[in-house]
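Trainee: Using only what follows, build the 3D model:
(chains A and B)
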Amino acid sequence: MTIAVVPERATDAFTDGSSAARRESARLWIGYLLGRLAGLVGVVLVLVIITFLLVKLVPGDPARTIVGLSATPEQVEIVRDRLGLNDPFFVQAWHYVSGLFTGDLGRSFVTQQHIIEMIGQRLPLTASVALGGLLVVLVIGFPIGIGIAMLEHRKRSRAVSGSYNTVVGILGAMPEYITGTVLVIVFALTLQWFPVQGGQGLHGLVLPALAVGLAPAAALSRIVRNETRTILSKEYIATARSKRISSARLLLGHVLPNVATSALTMGGILLVALLGGTVIVENVFNLPGLGTQIVQSILASDYPAIQGIILTLGVLAALVNLAIDVVLGLLDPRILMKGAAA
Amino acid sequence: MLISQTRIPVAGAIALGAAAALVLSACAGGANSGPSAGGDYSTMTVQIDGPVTSYDPALGATFQDTVVLLSLYDTLLTRDANGDIISGLASDWNVDGAVADFVIRDGVTCSDGEALTGEVVAASLNRYFDPETAAPFLTNVIGAGNTASATGDGQNLRIQLAQPYGGLLQGLTIAYTGIVCSAGVADPDTLTTGSNGTGAYVADTQVAGATYTLAAREGYEWTPDFSDAPSSGERPSTLILSAVTDENTRANLQTTGEIQISGYTTDAWERVMNQEGWTKEVSQQSGTYLMFNQNEGHPTTDPEVRKAIAQAIDIDRLNQVQSYGEGETITNLGQRDYPCYDESLGDLYPKHDVAAATDVLKGLKLAVSGTTLLAGGDANAYLASALEEAGAEVSLQNLENSQWAAALFKPANDWDLTILVYANTTGSLLPASAFFTGPIPPNGQNLSGVNNPDADAILPIALTSTGEESCAAFSEYQTSLIENMNVLPLASAPVNMVLAPGVDAHIMQGFVYPNTIRYTK
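Mentor: Down below sits the predicted model:
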């Protein structure tokens, strides 16, 4: 049984089926989306400017790094010319920006690979690790959070709360590279269940996904636990209980849907954080994703690669945020009012 | 508070459960068996240090480039285990002043079927010699400020230098002089990820920066006659060169059998060697040299200060710190197996004497800068602590390697002392001399601003003569540098090559020669 509670007046436009209401709904959505898209464009613009300027701060001379210590100054100059590093600042900026419009992010200074191709080769793996991490976050964070809250609600057991807080505290505080190293020692070197170097199909993704997902899973489980506790103390839950609804139905029908809204939103935000986490984890597992690439590129002062990868990850993060905003708008239309007004 | 409640379908919950089951079930599969004594390594994985620059030998510059290029291309000459030059693609050769003649081996073919002739080799070398190609190691091959051209006639090849250069034959052994066949020379862009050479392997696929897969060539029968190469066993049909930067990850991958050949500069190899049947070869690769900044305004312009610094350091201890004691102390601008290495130069070194050093260094401010390339820069830290022990006030800056290299070539640099880590793979002492003569950066390579007219006078003789004459002149040159404490050679830094059971190969200066890799089941 569902208790549908119709909220404030502002949402009348969405519950009323009249054409005026539909027009109002469309107007709100358009305003909301335009606001979000303008934000996205702003973020991309800032990213373009930052990525162009940022690489100039990377220490080291790309030309010298490429040719090594033995090359003469004349040879270094030839390489600098070849890389376009001797062009005036605004010419370099123009090449960069005009390239973006034609989808040309340039070529790697080090490997001469087209950056678009490099990203195409490496992004799927990074995305797989991040999505695998998200799966870990949802699959572990959700049930544990709900389970603990239900246990606590039923028994008010200090032992459960205490052990849970300890485990979650440790897991949540562990940086990815430590979690990854511990996982490698236990599951790859000792038990040999998984390969040391991940990335070979689903099997190879398990440890990296766990390494990247365990700490956020601990964080999510706390949020889910608190949400669940709040919901369990609501009157409609007491009503449902009084009707002798089974625990399973209570969980699936009343607790989970309410927790899901906030937790899924949190999951979207976590996905962006997980993308960042993969940079570390890829290096621990020697995965050929964008994370290992960006570390190599920074060490080699490979400007086009650094720019391309940061831009890609930045735009991805902005898109995920946009998607979260849209989902939020669908789930809770009151946001549209604030969004349009903003 | 009002709650807008959403119902997610039971299917959603089932999907979550299924996903959990998927993760758990994945935990159960795919046990990795460790390497057994002599496995089937028809597909063999060899560790390399990082991303490969190009499959174009002329543009190669890094250690990892060397391994790839040695797989895809052959050189005219090559170096045997003891450092001797032996036949590569050239079956015979003779140097007379500025002219070097070679006879190209019969029956050698390129991967596209083209027969290798003197003309083909000449075209490849002329591209390498062209200053516009900007081959990073060109001066190591033909000497600084020199030019060269090649002509071919049938199986004969002639290299004409503008001035003679004593290191030419050694130069022609490095992987970057690998001979590219006609189609590759005509369109060098095809060499970025493709290959066109006479090597034992041809380029197959790659994930740039990660793995480089090479396929064995049928009918490759011109492996050089290395004295330490395995004479029997199977040749891997597929070679995967895998970029693994972290040495602990390398050890993990070797203990689980995912990599068969890997190099180590730290002691991470110990875990691998605990397993039965694995073998290790210590191969000296780079050399380290103490550089004193002799540009105006640095305390190290004073020869007495330089001598005191030399007295403050215990080079044996530095070697211990730098390479876990596996390196060898050196007193020349290269390693012991390089021609003309002069052991007597060690007599010029001041004895380790902290008390004498303290008399000069007490209270002196010294800035030490160095690269983290070897053992995370521990040798730089040792240098700083040794100077502090002698009373100097030391500031230490450990820089990431590319940052350190860029700083070295800046016109104004603020270091007083740095340890130069230099890998010269030609097997000749001569190339390192470029760092101690001529203009300072950015117009030249005189990294520490050495101004030694006596050394400058003798150097051209050493570079342009051959044989005993060259050796005698170069000894005199090095004597002048060390007597004046313009530079202090310290120690070589080795690579510990660890090979899986049943795997063997020729290893030279830290590089495995892929055309010699064999395995026995």
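Trainee: Output stretch B:455-468 in PDB with nothing but the alpha carbons.
Mentor: Once non-C-alpha atoms are left out, stretch B:455-468 reads as follows in PDB (Å, rounded to 0.1, in the frame of the first residue of the first chain):
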ATOM      1  CA  ALA B 455      90.700  20.200 -21.500                       C
ATOM      2  CA  ASP B 456      89.100  22.100 -24.400                       C
ATOM      3  CA  ALA B 457      92.400  22.000 -26.300                       C
ATOM      4  CA  ILE B 458      92.800  18.200 -26.000                       C
ATOM      5  CA  LEU B 459      89.200  17.300 -26.600                       C
ATOM      6  CA  PRO B 460      89.100  17.700 -30.400                       C
ATOM      7  CA  ILE B 461      92.100  15.400 -30.700                       C
ATOM      8  CA  ALA B 462      90.300  12.700 -28.700                       C
ATOM      9  CA  LEU B 463      87.100  13.100 -30.700                       C
ATOM     10  CA  THR B 464      88.600  13.000 -34.200                       C
ATOM     11  CA  SER B 465      91.300  10.400 -33.800                       C
ATOM     12  CA  THR B 466      90.900   6.700 -33.500                       C
ATOM     13  CA  GLY B 467      92.400   3.700 -31.600                       C
ATOM     14  CA  GLU B 468      95.200   4.300 -29.100                       C
END
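Trainee: For it, buried residues please.
Mentor: Residues of stretch B:455-468 classed as buried by neighbour count (16 or more other CB atoms under 10 Å in any protein chain shown): B:A455, B:D456, B:I458, B:L459, B:I461, B:A462, B:L463, B:T464, B:S465, B:T466. C-beta: built from backbone N, CA, C; applies to glycine.
Trainee: Give the burial count for whatever residue of the stretch 101-250 of chain B ends up closest to chain A, as a bare number.
Mentor: Nearest residue of the stretch 101-250 of chain B to chain A, counting by CB to the nearest CB: B:A210, 3.2 Å away. Other residues near B:A210 come to 24 when the count uses other CB atoms under 10 Å in any protein chain shown.
Trainee: Chain neighbours aside, what residue packs nearest to it?
Mentor: A:P288 (3.2 Å; CB to CB, 6 or more residues apart in numbering or on different chains).
Trainee: With B:E343 instead?
Mentor: Per CB to CB, 6+ apart, closest to B:E343 is B:T331, 7.3 Å.
Trainee: what's the answer for B:P51, then?
Mentor: Using CB to CB, 6+ apart, the closest residue to B:P51 is B:G209 (3.8 Å).
Trainee: my guess is A:L313 meets A:L275, correct?
Mentor: Yes: if you go by CB atoms under 8 Å, A:L313 and A:L275 touch, sitting 6.0 Å apart.
Trainee: ok, which stretches of the stretch 51-200 of chain A are helices?
Mentor: Secondary structure of the stretch 51-200 of chain A (DSSP state H, counting those that start in this stretch): helices located at A:62-67, A:73-83, A:89-101, A:115-155, A:158-173, A:176-183.
Trainee: Can you tell me which residues in the stretch 101-250 of chain A are near chain B?
Mentor: Applying CB under 8 Å from any CB of the partner chain, we find that the stretch 101-250 of chain A lies next to chain B at A:108, A:110-113, A:118, A:121-122, A:135-136, A:138-139, A:142-143, A:184, A:187-189, A:192-197, A:202-203, A:206, A:209, A:234.
Trainee: Apply 6 Å and report the result again.
Mentor: Counting by CB under 6 Å from any CB of the partner chain, the residues of the stretch 101-250 of chain A lying close to chain B are A:110-113, A:121, A:135, A:139, A:192, A:196-197, A:202-203, A:206.
Trainee: Could you pick out the buried ones from those?
Mentor: Using 16+ other CB under 10 Å, the buried ones in these are A:V110, A:T111, A:Q113, A:Q121, A:L135, A:V139, A:Q192, A:V196, A:Q197, A:H203, A:V206.
Trainee: burial count for the residue nearest to B:E343?
Mentor: The burial count for B:T331: 21, using other CB under 10 Å.
Trainee: now swap in A:P175 and tell me
Mentor: Neighbour number of A:P175 under other CB under 10 Å is 12.
Trainee: After the worst-scoring helix or strand of chain B on mean pLDDT, which helix or strand is next? Please name it.
Mentor: The weakest-scoring helix or strand in chain B, judged by mean pLDDT, DSSP states H and E, is helix B:10-28 (a mean of 36). As assigned by DSSP states H and E, the chain's next helix or strand after helix B:10-28 is strand B:43-48.
Trainee: which strands and helices sit next to that following strand?
Mentor: Contacts defined by 3 or more CB pairs under 6 Å, 6 or more residues apart in numbering or on different chains; DSSP states H and E place strand B:43-48 against strand B:238-243.
Trainee: cutoff 10 Å now
Mentor: helix B:63-72, strand B:211-216, strand B:238-243, helix B:247-255, strand B:261-264, strand B:487-499, strand B:511-512 (3 or more CB pairs under 10 Å, 6 or more residues apart in numbering or on different chains; DSSP states H and E).
Trainee: tell me, which of those is the model least confident about?
Mentor: Mean pLDDT is lowest for helix B:247-255 among these, at a mean of 92.
Trainee: Tell me the gap between that one and the middle of its chain.
Mentor: Centroid separation for helix B:247-255 versus its chain: 21 Å, with CA atoms, centre = their mean, to the nearest Å.
Trainee: just stretch A:298-306 next, same as before
Mentor: That offset, for stretch A:298-306, works out to 23 Å (CA atoms, centre = their mean).
Trainee: export the residues of the stretch 101-250 of chain A next to chain B to a markdown table and tack on distance to B:A357 and pLDDT?
Mentor: Compiled in a markdown table, these are given as follows (distance: CB to CB, whole Å; pLDDT from 0 to 100):
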| residue | distance to B:A357 | pLDDT |
| --- | --- | --- |
| A:V110 | 42 | 86 |
| A:T111 | 47 | 84 |
| A:Q112 | 49 | 84 |
| A:Q113 | 51 | 87 |
| A:Q121 | 55 | 90 |
| A:L135 | 62 | 90 |
| A:V139 | 64 | 89 |
| A:Q192 | 53 | 86 |
| A:V196 | 47 | 82 |
| A:Q197 | 48 | 78 |
| A:L202 | 62 | 81 |
| A:H203 | 59 | 83 |
| A:V206 | 57 | 92 |
